[in-house]
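1. here is the input, now give the coordinates:
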Amino acid sequence: MRSYLGLFFVAAFATWLLTPPVMALGRRVRAYGQARANGEFILIPRLGGVAIFLAVLASASALLIVPNSLRAVLQADWSAGLKLLIPASMALLIGLYDDLKGATPRQKLAVEIGAGAAAWWLGFRMAAVPILGFPIHSPAVAFCLTVLWIVAVTNSLNLIDGLDGLASGVAFLVTLTLFIVSLMQGNHLACIFTIALAGTLLGFLRFNSSPARIFLGDTGSLFLGCVLATLALNASTGSPALLASVVPYVALGLPLLDTTLCVVRRLLKGKSIFAPDCDHIHHRLVAKKRGSRPAILMLYAVAAASSLGSLLILRWTGSLVLLGAFLGGLVTWLVFDQLQYEELDDLVVQVSRVIRSSRRALANPIVIRRADASSQPGGTK
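-> Just a heads-up that it's a prediction; the model follows:
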């Protein structure tokens, strides 16, 4: 455990050293994002993903140089570690191209699908239906679900990257959760990468927290989303226990919820799912809480509750219904009490009307039959 803690702090320190030069590089190539301060727009470099990627590589290299108990693990299975980074590197490259030149949604989607296919080919496959746990026997179904999972999580991190420190903070909590699951499974290689990534994200938050001096950019958000999706597949397939396979999906609940709401809202409005808008969860909470800091703290709390709940699933096997009710209540409270999307409220009203109409349609024949029976001789009056 001491080696893991050492790797965590080495990764954080590497990020502190590498982020300022990356900030300077972003200014040099004019890869800027916009932030608003005191009513004015300011330009902030957005190549934070480059610093995170380099810091992960630097900390892994330090693990090979400095004598420690984990060096043998990485030396013995370095090819598996490389496989973990290949799909994420594809996402990082298309994100870098988008930050520098600008990529279309379809171009990014094509590369994300390619990353999902690469993950499946490298052995990171969805072996069971998420949450439900039914085994998948068809390779074609496993391939489609694996690609869909990679694309969904990759975009979910990208979509919540709208406030200073939000995406990186949520990714930090999810990464710690995946580290704990990997540690319980005895998957030391996954532990190495998750704890290194967690340390890197903690170091990056020093520069990315409000007021941010550097953004993740698509370089960082797409990379983080893809690497977390791949690590989640690795964690879910690395254990035969159904409960352990559920944890990664629950831990990623907040970004996946935002993606689901985004798709549903746009479909209800008749818009393309690729059409950008400013109505994500964090946008709603900023308007409702009247500031970004309260909104970020609230979303951190929701992400922490989701991560903690996913880990409690492994321990409180006798209280799964209670935990499920808690997480379901958390989602319901957030969506219908805090966010209050008009499209979803209208959908609930329409569904309620359909249910009431269906009940009346089922009840009328029963009433008629009873009336007919009572009018017959000897019937009940």
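2. can you give me the helices for the stretch 51-200 of the chain?
-> Taking DSSP state H, counting those that start in this stretch as the criterion, the stretch 51-200 of the chain carries its helices at 71-76, 78-100, 105-121, 139-159, 166-185, 188-208.
3. pLDDT averaged over the fifth one - what is it?
-> Right, the one you point to is helix 166-185. Averaged across helix 166-185, the pLDDT comes to 91.
4. likewise for the first one?
-> Mean per-residue pLDDT for helix 71-76: 77.
5. ok so, going back, closest one to Phe326 among the helices of the stretch 51-200 of the chain?
-> helix 166-185 (16.5 Å; C-beta to C-beta). For every residue, glycine as well, the C-beta is placed using N, CA and C.
6. adding mean neighbour count and distance to Lys289, write the helices of the stretch 51-200 of the chain out as TSV.
-> Below are the helices of the stretch 51-200 of the chain laid out as TSV (neighbours: other C-beta atoms under 10 Å; distance: least, C-beta to C-beta, whole Å):
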stretch	mean neighbour count	distance to Lys289
helix 71-76	14	44
helix 78-100	20	29
helix 105-121	19	30
helix 139-159	21	19
helix 166-185	24	13
helix 188-208	24	20
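7. least reliable of these by average pLDDT, please.
-> helix 71-76 (a mean of 77).
8. one step back: quick one, which of the helices of the stretch 51-200 of the chain gets closest to Gln338.
-> Across the helices of the stretch 51-200 of the chain, closest to Gln338 is helix 166-185 (C-beta to C-beta), at 15.5 Å.
9. send me that closest one as PDB with only the CA atoms.
-> This file holds the C-alpha atoms of helix 166-185, laid out as PDB (Å, rounded to 0.1, in the frame of the first residue of the first chain):
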ATOM      1  CA  LEU A 166     -16.200  19.800 -12.500                       C
ATOM      2  CA  ALA A 167     -15.200  17.000 -15.000                       C
ATOM      3  CA  SER A 168     -11.700  16.600 -13.400                       C
ATOM      4  CA  GLY A 169     -13.200  16.400  -9.900                       C
ATOM      5  CA  VAL A 170     -15.800  13.900 -10.900                       C
ATOM      6  CA  ALA A 171     -13.300  11.800 -12.700                       C
ATOM      7  CA  PHE A 172     -11.100  11.900  -9.600                       C
ATOM      8  CA  LEU A 173     -13.900  10.400  -7.500                       C
ATOM      9  CA  VAL A 174     -14.700   7.700 -10.100                       C
ATOM     10  CA  THR A 175     -11.000   6.800 -10.500                       C
ATOM     11  CA  LEU A 176     -10.600   6.300  -6.700                       C
ATOM     12  CA  THR A 177     -13.700   4.000  -6.800                       C
ATOM     13  CA  LEU A 178     -12.100   2.000  -9.600                       C
ATOM     14  CA  PHE A 179      -8.900   1.800  -7.700                       C
ATOM     15  CA  ILE A 180     -10.600   0.300  -4.600                       C
ATOM     16  CA  VAL A 181     -12.500  -2.200  -6.700                       C
ATOM     17  CA  SER A 182      -9.300  -3.200  -8.500                       C
ATOM     18  CA  LEU A 183      -7.500  -3.500  -5.200                       C
ATOM     19  CA  MET A 184     -10.200  -5.800  -3.900                       C
ATOM     20  CA  GLN A 185      -9.900  -7.900  -7.000                       C
END
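10. on that earlier part again, between the helices of the stretch 51-200 of the chain, which gets nearest to Asp277?
-> Using C-beta to C-beta, these put helix 139-159 closest to Asp277, at 10.4 Å.
11. how much space separates Thr146 from Ile180?
-> 23 Å (C-beta to C-beta, to the nearest Å).
12. please disregard the earlier target; I meant Ala72.
-> Counting by C-beta to C-beta, the gap from Ala72 to Ile180 is 22 Å.
13. please verify my assumption that Val147 contacts Trp120.
-> Yes. With contacts defined as C-beta atoms under 8 Å, Val147 counts as touching Trp120 at a distance of 6.8 Å.
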